[in-house]
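Participant: no FASTA, just this:
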């Protein structure tokens, strides 16, 4: 192998059919120095020794081919895995590890691996070690399509380089055929241990000939002929062809230097260029270095956004504006893919402003929010440093079309860390299209439905409360509880029926939440009276035995809030109740009644407590005194 | 007459070679022959004689042969060095025909065939038979001259005859290497022009643009410049009137990459800079030709239209293939390259901004190449030396002064294409700059001090002469010479 191998070999003017100059240092080398007595194009090479040696060499050759075929299988598998899994996937890591190991071992055993590329095959010393007739899947076809005729893996190939090579292959298989090909992508990588030879594109496709053959193309940008009339200076009438430039003294008529000068005098220069322009000072060199450094760190996103904005602002035609708007959208995709949410917000906002100023739907030019958000989430995963506090603002810019995708993301428990931001965005988006959010509550799984209920509670307003009311009938208790809790926050009477209905809910937590709500939101006097009687009936009835301490507390808290003669009288009655041996429910009800009376700001309640504190019945007396002490302490 | 040429074959054509119109017809027909011969050889390798593509390309070849034969009787298509001749008339390479031209040269050289003599009355069947013989069985092992002659005799092919390769005097190995490098540079240059043309014409027609070709071309330029190959810089001296627009773009790309290399930009940055340079004027595809090539001063309306090309460039690039980092760089350069460092240029911007580094580089290279180019309206353009002088003294406020210095250090104070007078009185052409000394380029002597043409075509590396400055025999440049004063067209002297 010659040293030239270390650089990409550019073969001159060799068409893909092989007609032309041979691969000078590839096929030549392979022919001249076949490794391990290999064969060329299926022709056995004479080993020059006896039959036994020939047999041994053939065996060794077969082993080498087997090893290479295995290597290709591992590489293809790694390529597929790389295209399928994210970089940190353990399975991918394992497969890449296997590929690296296989490559290293093969290079150690065989030395540099020099592969010839055919349309569907990769050949090693003339023998196929990879074959796949599928144009879509075959890596040989991809190499051959892009004009790569030879590929060499060199000893010492490090794992990183192999992985980068697979990345390039993956990119090439996915990228637009017009953007890049394997040659341009491999060039950019500057591989130290992978080299290749390739054909020029016009040799592959004869595109130049086709273009030349198209007369319309050939004349579509002609140079104007020098017409005698046209070639006169409009001002002086002097034929331009006779101008000999401006000379000091005659004023001259001058020439236009393409697009640089409308009119410029062509001065005959007799003096030398200033020496000032021959030497860079140390300050200039330092400033230049600083400038280059600054250029490297300068965001291209800023630059392009500024330019697109300047151009779009002054664009008079709707068609061209639409094109520019699409460029904004493209830029948005780019920054989102890099989790650059600051620019994403800026771009979306600018595009909306520009569109609105022309009477367009501000979101009409934005990319599909679902795709965009999928990319954003993926990018945020790859860029832990991304500032997700800007995510809500960005999502809001996408408009109501983003509601469904955001709701979908809320379903994904793996994105829990983003749920806060998503909810925040939904609060704003719901203000633009509440129905879209409401419609999702019923369909969403419990955890997402709860989040949506929380969103609705923050949105507020009659429509949101109505949606929350509907959510109180959700099959999932946690959702009902969340909806009741949200409704409990409102002071509007319209929500009260939902709370009252929830007092009969099967779930104690829902009932407790409803009780909390009703105690916070007073209704009409009659309604409160009815409610108090309803609560007292529950507490005085058999259901009391089934209630948890929390629920009992909630019921009594509600009674305290409601107050009124009936409540006080009933509580006083429960405080005075006793029996020999006494049941635990009786005691519990007595204590709770005492506590409730102590918190009712009513003289009748205080009187009832004092009376109990002087009772001859120890249990009643104790309950009354404890309650009074607690009240005093409070 | 070229020494060693097949004189008898040129007997009919050579009598008229002073006739410009006749020469022009030969050139046109010769180029067509080269193109059609190349296509037919390629097609014949791929398809059999029943194929439509085969018969069509054969027909085209026969037509172009008839056209040439109708201008005289016999003729020889011959290779000398890297050039194709019809008899003793050199076929100047143009961008479109470069690939086929080079293909013919390469294929003849591989078979040690110096040329092909065509006689009147050549039939299709003979063309087919000769092609079979010429191509041989295997692309890897083409037949050599003797074998082709023998086969032709055996098969009775008489109206197409191979001509033996010219045996040129042995050359210095280093010179051969230099020529090889120049050949690569030339190939790279023409490929770049072709790909620029493809991209621009596709963009103009609203067709899908194949950027790969342009990227590959720029990558090749970067590789050459990184390998300190300066021949490419010399190619920028070529100022082909017919292909100005595309050539200008390639020149700007080459000069920009060279400046970027001097600044220490990475390989990938150089590639981005090069592609941006290549497409900096892409917006001109929507500017009417009447304006682009208008001889004389532009009206205010026309000038305003001309000034719209940076914005049009942005629009075109955004329509290409999404916004890759490369496209973003190209957008910035297309938009800003006329903005000037002090923002006094165009387009006028509403918000304060800083011209990007790459835009500043391209601006300098663009201005320099534009001022030195021959256009329909610019018959006597600035010499490279004058252009530098003008840029540094008359309009320095437009450019980044530090980068302008870097540019001068890159192209030298006597940039390629500058005619200079040497201290010995010789007239010489600056061929390419010297990295070590901007005042001392590599020059090619054109005329001796006596005024007689220089016959040995010697080159002098003024920075590395083997004698020290001040010693006898040390050569320096005494002045830059205006081409009109010595009746020389430097652009025609580039090898």
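Facilitator: Received, thanks. Everything quoted here is computed from the prediction, not taken from an experiment.

Participant: Would you indicate which residues of whichever strand or helix holds residue B:103 are buried?
Facilitator: Per DSSP states H and E: residue B:103 is located in helix B:98-110. Neighbour-count burial for helix B:98-110 flags B:98-108, B:110 (criterion: 16 or more other C-beta atoms under 10 Å in any protein chain shown). Placement of C-beta: from N, CA and C, glycine included.

Participant: can you check stretch B:332-351 too?
Facilitator: B:332-341, B:345-347.

Participant: which other residues reach it?
Facilitator: Residues outside stretch B:332-351 that contact it (C-beta atoms under 8 Å, 6 or more residues apart in numbering or on different chains) are A:259-260, A:300, A:303-304, A:306-307, A:310-311, A:313, B:276-277, B:279-283, B:307-308, B:310-311, B:313-314, B:317, B:352-353, B:355-356, B:358-360, B:362-363, B:366, B:397-400.

Participant: Only the buried members of those: can you turn that into a PyMOL selection?
Facilitator: Buried subset of the contacts of stretch B:332-351, written as a PyMOL selection, criterion 16+ other C-beta under 10 Å:
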select buried, (chain A and resi 259+260+300+303+304+306+307+310+311) or (chain B and resi 276+277+279+280+281+282+283+307+308+310+311+313+314+317+353+355+356+358+359+360+362+363+366+398+399+400)
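
Participant: Counting only helices, which of the contacts of stretch B:332-351 make the cut?
Facilitator: Residues of the contacts of stretch B:332-351 located in helices (DSSP state H): A:300, A:303-304, A:306-307, A:310-311, A:313, B:276-277, B:310-311, B:313-314, B:317, B:358-360, B:362-363, B:366.

Participant: Looking at the buried residues of helix B:98-110, which one is closest to residue B:53?
Facilitator: residue B:100 (15.9 Å; C-beta to C-beta).

Participant: That closest one touches residue B:34, doesn't it?
Facilitator: Yes. Using C-beta atoms under 8 Å, residue B:100 is in contact with residue B:34, at 5.3 Å.

Participant: And the worst-scoring helix or strand of chain B on mean pLDDT, what does it pack against?
Facilitator: None of the helices or strands of chain B scores lower by mean pLDDT, DSSP states H and E than strand B:89-90, at a mean of 76. On a contact count with 3 or more C-beta pairs under 8 Å, 6 or more residues apart in numbering or on different chains; DSSP states H and E, strand B:89-90 meets helix B:20-46.

Participant: Output the contacting helices and strands for the helix or strand just after the helix it packs on.
Facilitator: Using DSSP H and E, the helix or strand that follows helix B:20-46 in sequence is helix B:52-69. Contacts defined by 3+ C-beta pairs under 8 Å, 6+ apart place helix B:52-69 against helix B:20-46, strand B:113-118, helix B:124-135.

Participant: Tell me which of those lies nearest to chain A.
Facilitator: Nearest to chain A among the helices and strands packed on helix B:52-69 is helix B:20-46; the distance by C-beta to the nearest C-beta comes to 4.2 Å.

Participant: what's the closest one packed up against?
Facilitator: helix A:207-213, helix B:52-69, strand B:75-80, strand B:83-86, strand B:89-90, helix B:98-110, helix B:124-135.

Participant: Pipe those into JSON lines and attach distance to residue B:373 per row.
Facilitator: Below are the helices and strands packed on helix B:20-46 laid out as JSON lines (distance: least, C-beta to C-beta, whole Å):
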{"stretch": "helix A:207-213", "distance to residue B:373": "23"}
{"stretch": "helix B:52-69", "distance to residue B:373": "32"}
{"stretch": "strand B:75-80", "distance to residue B:373": "29"}
{"stretch": "strand B:83-86", "distance to residue B:373": "24"}
{"stretch": "strand B:89-90", "distance to residue B:373": "23"}
{"stretch": "helix B:98-110", "distance to residue B:373": "20"}
{"stretch": "helix B:124-135", "distance to residue B:373": "41"}
